[in-house]
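**Q** quick one, what's the 3D model for this:
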Amino acid sequence: MKIAVTYENGNIFQHFGHTEQFKVYEIADGKIVDARVTGMDGNGHCALAGMLAGLGVDTLICGGIGAGAQAALAEAGIRLYGGVSGSADEAVEALLAGNLGFDPDVHCDHHHGEGHSCGGHHEEGHHCGKGLH
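**A** Predicted coordinates for the structure are as follows:
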């Protein structure tokens with residue numbers, strides 16, 4: 001199992017589509033066996049979902065995340081635990097212990113006043129998950 005966390009200065013970065021780093025944890029027998037911070041190779045939710053899938057990540061912990069990003073992660077087969085804040089390490093430990101507090105209805109509301117709709121391009125036939133494999 002590999003868990004990725006949107007990451008900034010030890011904490012969960014609060015906007016998936018703008019994250020510059022992920023901390024990726026490798027899990028074996030319910031314990032963290034390796035953890036590394038990695039920079040992103042692209043920007044936007046499609047590139048990020050593809051990068052995570054390429055790293056073998058199957059679980060993501062993050063703060064805010066838009067509908068388009070959620071769809072891209074779902075198409076890539078990555079489980080989402082959104083609406084989480086605080087320490088990245090503590091969140092992973094909580095997930096492994098079965099007591100991570102997360103918001104199953106998390107959504108992006110950071111930039112809607114700027115004319116961007118997180119899920120808007122899906123009505124135009126764009127599907128982020130294509131070509132990820």
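**Q** same for the helix or strand of the chain with the lowest mean pLDDT, what does it pack against?
**A** When each helix and strand of the chain is scored by mean pLDDT, DSSP states H and E, helix 45-54 comes last, with a mean of 84. Applying 3 or more C-beta pairs under 8 Å, 6 or more residues apart in numbering; DSSP states H and E, we find helix 45-54 packed against helix 67-75. The way it works is simple: take the backbone N, C-alpha and C, and place the C-beta from them, glycine included.
**Q** counting by contacts, list what the helix it packs on packs against.
**A** Packing partners of helix 67-75 (3+ C-beta pairs under 8 Å, 6+ apart): helix 45-54, strand 79-81.
**Q** could you export those as TSV, including distance to Gly63 and mean neighbour count?
**A** Output for the helices and strands packed on helix 67-75, formatted as TSV (distance: least, C-beta to C-beta, whole Å; neighbours: other C-beta atoms under 10 Å):
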stretch	distance to Gly63	mean neighbour count
helix 45-54	14	22
strand 79-81	10	18
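**Q** remind me which residues of this protein are low pLDDT?
**A** Within the chain, the stretches with pLDDT under 70 are 41-45, 107-133.
**Q** what's in contact with stretch 2-15?
**A** Stretch 2-15 has contacts (C-beta atoms under 8 Å, 6 or more residues apart in numbering) with 16, 19-27, 37, 52, 55-65, 84-89, 91-92, 95, 108, 110.
**Q** now the end-to-end length of that stretch.
**A** Distance between the two ends of stretch 2-15: 20 Å, counting by C-alpha to C-alpha, to the nearest Å.
**Q** same thing with stretch 7-24?
**A** Per C-alpha to C-alpha, stretch 7-24 runs 9 Å from first to last residue.
**Q** chain center to the least confident helix or strand of the chain: distance?
**A** 9 Å (C-alpha atoms, centre = their mean, to the nearest Å).
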